[in-house]
Every structure is written in structure tokens, then in C-alpha cells.
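Participant: here is my input, please return the structure:
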Amino acid sequence: MQNTSPILNHYQTWLDDFTRINLWHGLCQQALTQWHRLAMTSCLTPEGTVIVIPQCLLQITHSPGIDACAIVTKITKQTDWPLLSGVLLSECYRLEKGTLAEQLQMLFRSHSPAIRQALTLLCWCELVTGPDMSEWYTLHLRLPDALNQWLAVKQKAYRGLTTMIEGYNRAAQPR
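Facilitator: Numbers count the residues shown, from 1 in each chain. Predicted coordinates for the structure are as follows:
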């Protein structure tokens with residue numbers, strides 16, 4: 001799928017550059033590049049908002065990719081967070097979900113990289129499929145065990161997501 005959207009190209013270039021630097025310094029595996037292909041799809045909202053997501057999540061969320069989209073919008077970049085987490089946060093701000101982005105950042109600071117990646121990929125699935133996101137606004141109040149249980153239950157709703165998260169976490173490990 002070849003998309004020439006300015007926002008998709010912007011994020012993909014940033015993600016490719018960041019991934020290349022991490023690979024050069026041995027901070028991740030070469031396999032990580034397969035996880036860092038981005039695509040566009042529409043969210044299941046009344047407006048059908050277009051969102052940039054990892055291409056591998058299209059199958060998990062049963063979402064069609066969009067071949068051409070000329071989003072003219074303010075492009076934001078959350079450079080405080082690397083890789084997919086930064087793209088997700090940037091998309092949250094672009095979609096005017098700043099409170100969700102702030103909650104995610106609070107969670108990212110409080111938990112391990114493996115939990116951060118699980119939250120990142122799960123949040124994207126939920127943004128695309130359109131369930132009520134209100135639970136996400138109180139996750140920072142949960143104890144680590146309760147958060148892990150919540151993640152396990154939520155991941156079961158998306159067949160193949162747990163395996164995908166495990167694969168991503170392996171690829172994100174230093175060489």
C-alpha cells in the first residue's frame with residue numbers, strides 16, 4: 001500500500017530515522033523495522049476520523065488501509081517518547097485527545113518498556129475500533145498487578161495482539 005499523505009510520510013520518516021539510530025547503537029534488533037511500517041485507516045467514529053497506525057495493526061483491528069489521503073492539519077511530533085509511543089502520542093494530540101496523551105505519558109513514566117509497548121499497541125487498537133476510552137483516563141490509579149490484569153483482559157478482545165506485543169518487545173530489546 002503506497003500512501004502519499006504528508007502526515008504519514010512525516011511520521012514514517014521520523015520513525016525510520018529514529019529506528020536507524022537505535023539499530024546503529026545496538027539498542028534494538030533489525031526485526032524492529034518490520035513493526036515500524038505505518039499506514040492510515042479510519043476510526044469507527046461518527047466522523048470517520050483518519051488515523052495513522054502501525055501497518056501490522058490493520059489486520060488485528062480488521063481495518064482497511066487508506067491508499068490516498070490528503071490530511072491538511074497541524075503536524076505534531078511528540079519527540080519526548082521514542083518510536084511507536086511517540087507516534088501514538090502525536091496522533092492523540094492531532095486528534096484532539098490531549099488528555100488521553102497526558103494519561104499515557106503518566107503511565108509510560110511509571111511502568112517498564114514492555115508495559116509501555118503493550119499500552120501503545122492496545123491504545124491504537126481501541127482508538128481505531130472506537131470503544132469508550134473512559135477507562136484509559138483512570139489507568140494511572142491502578143496498582144501494577146491490577147494494570148497487568150486489565151491489559152491481559154483487554155488484549156484478548158484483539159485476536160493476535162498479545163503475540164504481536166511479545167514479538168515487538170523481543171525486537172525492541174538491545175542486541
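Participant: what about Ala39, which SS state?
Facilitator: strand (DSSP: H, G, I helix; E, B strand; the rest coil).
Participant: now the helices for the chain?
Facilitator: 6-24, 32-35, 57-61, 83-94, 98-110, 113-129, 144-156, 161-171 (DSSP state H).
Participant: gap between the second one and the chain center?
Facilitator: It refers to helix 32-35. 13 Å (CA atoms, centre = their mean, to the nearest Å).
Participant: what about stretch 121-135, start to end distance?
Facilitator: This stretch, stretch 121-135, spans 16 Å end to end (CA to CA, to the nearest Å).
Participant: list the contacts of it.
Facilitator: In this structure, residues lying in contact with stretch 121-135 by CB atoms under 8 Å, 6 or more residues apart in numbering are 41, 43-45, 51, 53-54, 57, 60-61, 63, 84, 88, 91-92, 95, 97, 100, 104, 136, 150-151, 154-155, 158, 161, 164-165, 168. No exception for glycine: its C-beta is placed from N, CA and C like everyone else's.
Participant: for it, buried residues please.
Facilitator: Leu121, Leu122, Cys123, Trp124, Cys125, Glu126, Leu127, Val128 (16 or more other CB atoms under 10 Å).
Participant: run through the chain and note the low-pLDDT ranges.
Facilitator: Applying pLDDT under 70 to the chain picks out residues 1-4, 45-47, 67-81.
Participant: now with 80, please.
Facilitator: 1-4, 43-48, 65-82, 131 (pLDDT under 80).
Participant: returning to that earlier point: need the buried residues of stretch 121-135 in JSON lines (columns: distance to Asp17).
Facilitator: As requested, those are arranged in JSON lines below (distance: CB to CB, whole Å):
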{"residue": "Leu121", "distance to Asp17": "21"}
{"residue": "Leu122", "distance to Asp17": "26"}
{"residue": "Cys123", "distance to Asp17": "23"}
{"residue": "Trp124", "distance to Asp17": "21"}
{"residue": "Cys125", "distance to Asp17": "26"}
{"residue": "Glu126", "distance to Asp17": "28"}
{"residue": "Leu127", "distance to Asp17": "24"}
{"residue": "Val128", "distance to Asp17": "25"}
